[in-house]
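Give me a model of this one.
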Amino acid sequence: MQQKLPAILWGSVLLLLIHAVGFAATDLPPSAKVDIGPVEAVCSNFISPEARKEQVIEGVKIQESVLCDPDAPEDIAAFVKGTNNISMETLMATQLASDAITMTDDMDKDGDPDKIIIKLEVVEINGHSPDVKEPITTFDIAPGIQPTFWVFTPKTRDMSTRSLYEPIANPLLRVPSPVIRVEQNDLVWIVLENTHYLPHSIHLHGVDHPFMDHTGSGNDGVAQTSNMDTMPGDTKTYVIKPRQAGTFYYHCHVQPHVHIPMGLQGIFVVEENRPNNWVQTFNVGGGQVRHPSVAVLEKYAREYDLHYQSVDKDLHEVFARSANDPRLIAKHMNMEYDTTDATDDYFMLNGRSFPYTLRESLIHMGKDEKVKLRVLNGHTESLALHIHGHKPTITHYDGVDNGPSSYITRDVHGMVPAQRIDLELSGVDDGLHSFGQGIWMFHDHVEKAFTTDGLGEGGDISLVVYKGFLDDKGVPASHGMSLAPYFAKNYWKGKYPIWQDYDAFQSLGLPDLNAEYEPAKVAVQKAPVAPTGTMESAANQQEPAATKFFYGLLLGLFSYLAIMKRKSIFATVRLLLEKSVSLLPKKRS
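Numbering: from 1, shown residues only. Down below sits the predicted model:
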């Protein structure tokens with residue numbers, strides 16, 4: 001029977017295919033013209049062009065940043081000198097509280113302060129309110145995409161939004177939680193003022209810190225072993241004096257399977273001790289460090305912080321907005337949300353997904369320059385960082401210098417969650433470290449990470465751009481397709497075919513299934529209908545598929561029998577032929 005079935009079915013299908021082929025090669029419907037809808041400008045001068053230039057404010061040298069949306073120079077000055085060491089005019093140009101960063105006491109007499117007090121708050125952005133339908137204190141990770149986040153922020157004195165009339169979060173309130181920088185052997189107090197509606201803590205992951213501080217209070221941020229969680233409205237101070245320099249991590253350790261993905265995580269950097277080394281205490285949002293440390297500038301032209309994160313829509317857009325009562329939110333988040341069933345939908349670099357990564361997370365290179373990259377994998381899964389056109393060198397794993405003999409140069413750098421690496425990115429065009437100047441993409445090479453909710457290209461894509469390849473607004477002067485479609489909300493809603501306008505014929509657009517059209521030609525003509533128009537000929541023209549299948553089934557069965565009984569059939573035919581020959585009249589001689 002196993003041999004029988006293919007032969008029978010093949011004969012059945014054969015007749016159907018012969019019938020269908022005459023109608024397959026006809027003209028297709030025309031392509032639909034899909035309206036892309038409103039398109040944002042790639043760069044709208046979020047800050048003034050003057051703010052991008054190299055300058056000195058309050059004695060702080062601030063590097064040039066050619067990016068579309070870099071940190072404001074006044075903020076950089078406050079982050080470097082401390083809010084207690086700048087003029088009121090500069091302070092008022094920021095939204096920092098007057099006690100956000102306090103720097104005092106040059107204890108080692110090397111020209112920079114050694115006692116640092118840093119105050120952090122906890123805020124919710126893209127949060128839910130019973131008063132309005134849309135999220136409040138908004139922060140778009142890509143056009144129209146607004147997951148809810150909880151983040152640590154520098155202590156502010158002003159409104160959470162830019163103004164009374166727009167819900168956009170002020171520049172200090174954003175994803176990721178800010179990069180914190182201190183100097184080796186500084187005495188640092190980190191004060192957590194819990195302005196959120198749930199308990200939180202800070203765990204200084206990898207940072208040198210004692211289990212208990214000098215007051216006898218727990219210092220590790222873990223309720224089960226160290227100190228109780230900080231309740232809403234309460235304050236907790238963590239005291240450290242880090243002896244080892246490196247790139248580390250800090251995060252909330254309350255329900256960490258939920259609180260860390262929600263955004264309560266950031267890079268923590270301990271810079272090498274140098275004389276007159278005023279480090280940039282905060283790098284809000286990551287990206288370029290506009291005031292690198294003395295030790296970094298000994299080797300590198302610039303420094304960049306790259307913080308990778310991912311978002312599960314169920315957690316950030318359903319559970320986090322499920323109620324207005326903190327008790328119910330705690331119930332839904334802690335007792336009902338199952339992180340083992342979670343699937344990440346959004347992938348971000350420094351709090352943004354492509355194309356917004358192009359506004360503030362480009363890496364700007366010069367020929368033969370070297371820049372330092374500090375990278376954190378804040379994802380819930382592994383990361384595979386790949387930089388096109390370059391093979392960067394790992395100098396540190398998890399804040400530990402490997403030593404020159406153990407430095408590794410490669411083009412894909414694998415990182416597990418919470419891991420940090422320091423990379424040396426070289427612009428020396430030798431075919432190994434760099435392939436030359438241009439615009440080179442970099443991204444997590446786990447393929448879903450360069451999508452946004454499954455749509456590509458998106459996710460954590462950004463670019464390494466050499467000098468001369470940016471316009472005066474910091475927009476890459478690309479040589480390929482237009483970036484405009486990526487700045488339209490309709491694209492990220494899955495409503496716009498990205499290849500629609502690649503050619504004049506819109507050959508890769510969507511077919512217009514509602515269009516009325518007449519085929520211009522028919523590739524295989526139907527047989528002409530007999531003029532008699534009898535019922536029999538009409539029936540033959542409209543013969544149903546079931547009838548054709550039945551005939552095909554019979555044909556297949558006969559074919560099978562002919563093949564299987566071929567020997568006996570041949571023998572019978574031969575016998576009949578011999579008898580026929582014997583009956584023929586014999587030829588007379």
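
only C-alpha atoms for contact and neighbour calcs from this point on.
Noted.

Which SSE is immediately downstream of the helix or strand of the chain with the lowest mean pLDDT?
When each helix and strand of the chain is scored by mean pLDDT, DSSP states H and E, helix 535-541 comes last, with a mean of 44. Downstream of helix 535-541, the first helix or strand assigned by DSSP states H and E is helix 545-564.

Run through the neighbouring helices and strands of that next one.
With contacts defined as 3 or more Cα pairs under 8 Å, 6 or more residues apart in numbering; DSSP states H and E, the packing partners of helix 545-564 are helix 4-20.

can you do 10 Å?
Under the contact definition 3 or more Cα pairs under 10 Å, 6 or more residues apart in numbering; DSSP states H and E, helix 545-564 sits against helix 4-20, helix 566-583.

weakest of those in terms of mean pLDDT?
Per-stretch mean pLDDT for the helices and strands packed on helix 545-564 is lowest at helix 4-20 (a mean of 50).

so where do the helices sit in the protein?
Along the chain, counting by DSSP state H, helices occupy 4-20, 73-81, 88-92, 256-259, 294-297, 313, 326-331, 357-360, 489-492, 535-541, 545-564, 566-583.

Please identify the most buried of those.
Per residue and on average, the most neighbours among the helices of the chain fall to helix 73-81, with a mean of 25 (mean count of other Cα atoms under 10 Å).

if we can go back for a sec, tell me which of the helices of the chain sits nearest to residue 465.
helix 357-360 (10.2 Å; Cα to Cα).

who touches that closest one?
Outside helix 357-360, the residues that touch it by Cα atoms under 10 Å, 6 or more residues apart in numbering are 42-44, 46, 65-71, 141-142, 285-288, 348-352, 458-464, 473-476.

Kindly format the C-alpha coordinates of it as CSV.
Backbone C-alpha positions of helix 357-360 (Å, rounded to 0.1, in the frame of the first residue of the first chain) are rendered in CSV as follows:
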residue,chain,number,x,y,z
THR,A,357,19.8,56.0,18.8
LEU,A,358,21.1,58.1,16.0
ARG,A,359,20.3,61.3,18.0
GLU,A,360,22.4,60.6,21.0
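
for the record, mean pLDDT for that helix?
94.

Also stretch 178-197?
Rounded mean pLDDT across stretch 178-197 is 97.

Endpoint to endpoint, that stretch covers what distance?
End-to-end distance of stretch 178-197 (Cα to Cα, to the nearest Å): 20 Å.

With stretch 269-281 instead?
9 Å.

quick one: buried residues of that stretch?
Under the neighbour-count criterion of 16 or more other Cα atoms under 10 Å, stretch 269-281 has 269-273, 277-281 buried.

likewise stretch 222-233?
The neighbour-count check on stretch 222-233 (16+ other Cα under 10 Å) flags 222, 227-231 as buried.

Need the contact partners of that stretch.
122, 192-203, 211-212, 217-221, 235-237, 252-254.

Can I get the buried part of those as one PyMOL selection?
To isolate in PyMOL the members of the contacts of stretch 222-233 that are buried, counting by 16+ other Cα under 10 Å, one can use:
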select buried, resi 122+192+193+194+195+196+197+198+199+200+201+202+203+211+212+217+218+219+220+221+235+236+237+252+253+254
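
Inside strands: which ones of the contacts of stretch 222-233?
The strands, defined by DSSP state E, take in 122, 192-193, 203, 235-237 from the contacts of stretch 222-233.

From those residues, pick the one nearest residue 501.
Of all these, residue 501 sits closest to residue 122, with 45.3 Å by Cα to Cα.

Now for the closest one: which residues touch it?
With Cα under 10 Å, 6+ apart, residue 122 has these contacts: 150-155, 173, 177, 192-198, 200, 232, 264.

what's the spacing between the nearest residue to it once chain neighbours are set aside and residue 325?
Among residues not flanking residue 122 along the chain, residue 152 sits closest, at 4.7 Å (Cα to Cα, 6 or more residues apart in numbering). The spacing between residue 152 and residue 325, counted by Cα to Cα, is 21 Å.

The nearest residue to residue 411 once chain neighbours are set aside and residue 367, how far apart?
Leaving aside its sequence neighbours, residue 411 sits nearest to residue 391 (Cα to Cα, 6+ apart; 4.5 Å). Here residue 391 is placed at a distance of 15 Å from residue 367 (Cα to Cα).

So which of those two has more stuff around it?
Neighbour count, other Cα atoms under 10 Å: between residue 391 and residue 367, residue 391 has more, with 23 against 14.

just to revisit the earlier point, the residue nearest to residue 122 contacts residue 252, correct?
Yes - using Cα atoms under 10 Å, residue 152 is in contact with residue 252, at 9.2 Å.

joint contacts of these two?
Between them, residue 152 and residue 252 share the contacting residues 202, 263-266, judged by Cα under 10 Å, 6+ apart.

out of those, which are inside strands?
Among the shared contacts of residue 152 and residue 252, DSSP E puts 265-266 in strands.

Farthest pair within the shared contacts of residue 152 and residue 252?
The span of the shared contacts of residue 152 and residue 252, defined through Cα to Cα, is set by 202 and 263 at 12.6 Å.

Quickly list what's touching both of these two.
Residues touching both residue 202 and residue 263 by Cα under 10 Å, 6+ apart: 152, 251-252.

ok, so of these, who is nearest residue 245?
Closest to residue 245 out of the shared contacts of residue 202 and residue 263 is residue 251 (18.7 Å), distances taken as Cα to Cα.

Can you get me a residue count around the spatially closest residue to that closest one that is not a sequence neighbour?
The spatially closest residue to residue 251, leaving aside those adjacent along the chain, is residue 265, at 4.1 Å (Cα to Cα, 6+ apart). Other residues lying near residue 265 total 29 when counted by other Cα under 10 Å.

Quick check: the gap between residue 265 and residue 325.
In terms of Cα to Cα, residue 265 sits 25 Å off from residue 325.

same check, this time on residue 247
For residue 247, the distance to residue 325 - Cα to Cα - is 38 Å.

the more surrounded of these two?
Applying other Cα under 10 Å to residue 247 and residue 325 shows that residue 247 carries more neighbours, namely 26 against 10.

Find me the pLDDT at that one, would you?
98.

Just the CA trace of stretch 49-56, in PDB.
Output of stretch 49-56 as PDB, limited to C-alpha atoms (Å, rounded to 0.1, in the frame of the first residue of the first chain):
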ATOM      1  CA  PRO A  49      24.200  74.500  18.000                       C
ATOM      2  CA  GLU A  50      26.300  76.500  20.500                       C
ATOM      3  CA  ALA A  51      25.700  73.800  23.100                       C
ATOM      4  CA  ARG A  52      27.500  71.200  20.900                       C
ATOM      5  CA  LYS A  53      30.800  73.200  20.800                       C
ATOM      6  CA  GLU A  54      33.800  72.700  22.900                       C
ATOM      7  CA  GLN A  55      33.600  75.200  25.800                       C
ATOM      8  CA  VAL A  56      34.500  76.000  29.400                       C
END
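
what residues does that stretch touch?
61-74, 77, 290, 472-474.

can you do 7 Å?
61-66, 72-73 (Cα atoms under 7 Å, 6 or more residues apart in numbering).

And those, which is closest to residue 503?
residue 66 (33.6 Å).

Quick one: buried ones out of the contacts of stretch 49-56?
If we count by 16+ other Cα under 10 Å, the contacts of stretch 49-56 have these buried: 61-66, 72-73.

wait, which of these is closest to residue 513?
Distance to residue 513 across the buried ones among the contacts of stretch 49-56 (Cα to Cα) is lowest for residue 66, with 46.8 Å.

where does the closest one land on pLDDT?
91.

One more: the one 4 residues further on?
For residue 70, the pLDDT comes out at 92.

what about it, neighbour count?
Neighbours of residue 70 (other Cα under 10 Å): 22.

Could I get the phi/psi values of it?
The phi/psi pair for residue 70 (degrees, to the nearest 10) reads phi -80, psi 170.

how near is it to residue 292?
15 Å.

now do residue 397
Here residue 397 is placed at a distance of 20 Å from residue 292 (Cα to Cα).

Which one of these two is surrounded by more residues?
The neighbour comparison of residue 397 against residue 292 (other Cα under 10 Å) goes to residue 292, with 23 against 19.

who are the neighbours in contact with the more buried one?
By Cα under 7 Å, 6+ apart, residue 292 lies in contact with 279, 302-303.
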